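> Sequence first, predicted coordinates after that:
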There are 2 protein chains.
Amino acid sequence: MTKFDEATQAIRVDETTYDVCLDPGYAIGGPLNGGYLMAVLLRAVVDASPHEHPVSTTVQFLKAPAPGPARVHVEQLKAGRTAAFTRATLVRDGVAHLEALVTTATLPTASSVSYSGRPPLAMPPLERCRRLPDPKPESGMTLNAQMELFFDPPTIGWLTGEPTGRPESRAYFRMAEPQDPDPFVLALAVDALPPVVFSAGARGWAPTVDLTWHLRALPAPGWLTLYGSGRLVADGWFDEEVEVWDSEGKLVAQSRQLARVGRG
Amino acid sequence: MTKFDEATQAIRVDETTYDVCLDPGYAIGGPLNGGYLMAVLLRAVVDASPHEHPVSTTVQFLKAPAPGPARVHVEQLKAGRTAAFTRATLVRDGVAHLEALVTTATLPTASSVSYSGRPPLAMPPLERCRRLPDPKPESGMTLNAQMELFFDPPTIGWLTGEPTGRPESRAYFRMAEPQDPDPFVLALAVDALPPVVFSAGARGWAPTVDLTWHLRALPAPGWLTLYGSGRLVADGWFDEEVEVWDSEGKLVAQSRQLARVGRG
């Protein structure tokens, strides 16, 4: 069992209740990372489902939970032969923090593709990509140590005062420990990039209001590539889309989140 | 009150319950159109919310309801100053048919855009676009009479045996009766195109498993333009994205649905 598997473990209490322990190692400053919280919640949902894979997940982020013991409540809405529908709530100290609708299905080990678009943009080779500087210990950015991200340099130009002027962020991604990507790692990956609006000149805490992602195929071992972009920044709201491609050139996950532009 | 306003009306019974009447005029063969059902559900959600606009909606389509009386149950999960979170369920004959998570907020009348991407593709002028042939009365496609769709010709080439080979569908859209677009019309619009996979060579009933859409701005009066596309068709699943642009060239709605490829 890897550190990530352990940090996202959900222990079955009864048919509708799972005990989890939110790990302080996945924090982005004060709050825990949304992708990590989704992974925890999905562990419970998948365990309770007759199907194996979370093909569609929508999460509303009601409140940022502190690390520590929490519970996931699952309610089966309908279970069919092709797909099952589940409502799930992450509860900490008796208060709902994440509310989710999840569709589970069973994807084949080898994907059979009828049509595939191309990756949205060409990435430079990994050795020409750049890492973010290590966060200061007092920043509380513990998440950074769990994963390796190598960025397409212009998309972190905002770090040195040179944003591209477009909402975008692209990087190679893998877990810091030896861990093959799986659907739970993908839940982390779709929310692992810095907010795409940083590249459009915005700064500060950009809270996600809700995030939907689709698992399209089981990822091959190796590096993932994350292509983050946005279509519109208006009235204090922005969308962030992330496509995740695996080492074999397959589109394995698609996400879109609606978030607030930070005031920082 | 327009026919559409009437067909989507939700009458408050108490704080958490609304009576609705599902109109047979919005059918696509046997089932009712998913966008119409979302509009009905959203009427109840918006009425129960302290905010005015459904900025994010995710619906799981559990079961296709027949026309007739139904109920929407709403549960307020959290109401903040910027956004409110609601769970809603459409119930017919005591059975849940649609399950939804909706975020409401209040958008300004005049949108203030910080960044906007461009429309995904150029559309020919309206007079060079084509309508679908009128459906046979026995087909049960009553939805078609409620709206006007003028298609970019290649994207309905599948009708005459000439699919483009890519999942795509693009059209100008307005209601058949005089009705300015509003957020409820947009709920209909994001699910109004024929499945994008028809253009990639697939046929038959393509059931939506779930659909998420974001309202990004209040639409100006006049025609809307719908840009539908897909990224991946694999293992019997496909994604369909629709961007809705208004007559003033603003991106007003974005949707993505995960659906099953038909076996027709």
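Received it, and whenever you're ready, just let me know what you need.
> drop to CA atoms for contacts and neighbour counts, all remaining ones
Fine.
> which intervals of chain A have sub-threshold pLDDT?
In the predicted model of chain A, residues A:264 satisfy pLDDT under 70.
> Can you show me the strands along it?
Assigned by DSSP state E, the strands in chain A fall at A:10-14, A:17-22, A:53-61, A:68-79, A:84-92, A:95-105, A:113-116, A:147-151, A:168-175, A:208-215, A:224-229, A:232-234, A:237-245, A:251-260.
> Present these as JSON lines; the columns should include distance to chain B and mean neighbour count.
Below are the strands of chain A laid out as JSON lines (distance: least, CA to the nearest CA, whole Å; neighbours: other CA atoms under 10 Å in any protein chain shown):
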{"stretch": "strand A:10-14", "distance to chain B": "23", "mean neighbour count": "15"}
{"stretch": "strand A:17-22", "distance to chain B": "19", "mean neighbour count": "21"}
{"stretch": "strand A:53-61", "distance to chain B": "7", "mean neighbour count": "25"}
{"stretch": "strand A:68-79", "distance to chain B": "7", "mean neighbour count": "19"}
{"stretch": "strand A:84-92", "distance to chain B": "8", "mean neighbour count": "23"}
{"stretch": "strand A:95-105", "distance to chain B": "8", "mean neighbour count": "24"}
{"stretch": "strand A:113-116", "distance to chain B": "4", "mean neighbour count": "16"}
{"stretch": "strand A:147-151", "distance to chain B": "22", "mean neighbour count": "20"}
{"stretch": "strand A:168-175", "distance to chain B": "11", "mean neighbour count": "25"}
{"stretch": "strand A:208-215", "distance to chain B": "7", "mean neighbour count": "25"}
{"stretch": "strand A:224-229", "distance to chain B": "10", "mean neighbour count": "26"}
{"stretch": "strand A:232-234", "distance to chain B": "4", "mean neighbour count": "22"}
{"stretch": "strand A:237-245", "distance to chain B": "8", "mean neighbour count": "25"}
{"stretch": "strand A:251-260", "distance to chain B": "8", "mean neighbour count": "23"}
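> so can I have JSON lines of these showing distance to residue B:5?
Formatted as JSON lines, the strands of chain A follow (distance: least, CA to CA, whole Å):
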{"stretch": "strand A:10-14", "distance to residue B:5": "45"}
{"stretch": "strand A:17-22", "distance to residue B:5": "41"}
{"stretch": "strand A:53-61", "distance to residue B:5": "28"}
{"stretch": "strand A:68-79", "distance to residue B:5": "30"}
{"stretch": "strand A:84-92", "distance to residue B:5": "30"}
{"stretch": "strand A:95-105", "distance to residue B:5": "28"}
{"stretch": "strand A:113-116", "distance to residue B:5": "39"}
{"stretch": "strand A:147-151", "distance to residue B:5": "49"}
{"stretch": "strand A:168-175", "distance to residue B:5": "39"}
{"stretch": "strand A:208-215", "distance to residue B:5": "28"}
{"stretch": "strand A:224-229", "distance to residue B:5": "36"}
{"stretch": "strand A:232-234", "distance to residue B:5": "28"}
{"stretch": "strand A:237-245", "distance to residue B:5": "28"}
{"stretch": "strand A:251-260", "distance to residue B:5": "28"}
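> list the helices and strands the longest helix seen in chain A packs on?
Using DSSP state H, we find that the single longest helix of chain A is helix A:34-48. Here helix A:34-48 touches strand A:10-14, strand A:17-22, strand A:53-61, strand A:68-79, strand A:84-92, helix A:183-189, going by 3 or more CA pairs under 8 Å, 6 or more residues apart in numbering or on different chains; DSSP states H and E.
> Out of the ones you listed, which is closest to residue A:122?
Across those, residue A:122 has its closest neighbour in helix A:183-189 (19.0 Å, CA to CA).
> Please name every helix or strand in contact with that closest one.
Applying 3+ CA pairs under 8 Å, 6+ apart, one finds that helix A:183-189 contacts helix A:34-48.
> Could you check the angle the helix it packs on makes with strand A:95-105?
60 degrees (axes from the mean of the first three to the mean of the last three CA atoms, to 10 degrees).
> Only the buried residues of helix A:34-48, if you could.
A:34-48 (16 or more other CA atoms under 10 Å in any protein chain shown).
> again, but for stretch A:110-127
Quick answer for stretch A:110-127 (16+ other CA under 10 Å): A:115, A:116, A:119, A:123.
> And the longest helix of chain A, how far out from the chain middle?
11 Å (CA atoms, centre = their mean, to the nearest Å).
> Next: stretch A:118-128.
20 Å.
> Show me the contact partners of that stretch.
Stretch A:118-128 has contacts (CA atoms under 8 Å, 6 or more residues apart in numbering or on different chains) with A:150, A:152, A:153, A:170, A:172, A:227, A:245, A:251.
> Which pair of those residues spans the longest distance?
A:153 and A:251 (22.4 Å).
> For the nearest residue to residue A:64 once chain neighbours are set aside, give me its contacts.
Of all residues not flanking residue A:64 in the chain, residue A:31 sits nearest, at 5.7 Å (CA to CA, 6 or more residues apart in numbering or on different chains). Contact analysis of residue A:31 by CA under 8 Å, 6+ apart lists A:64, A:65, A:66.
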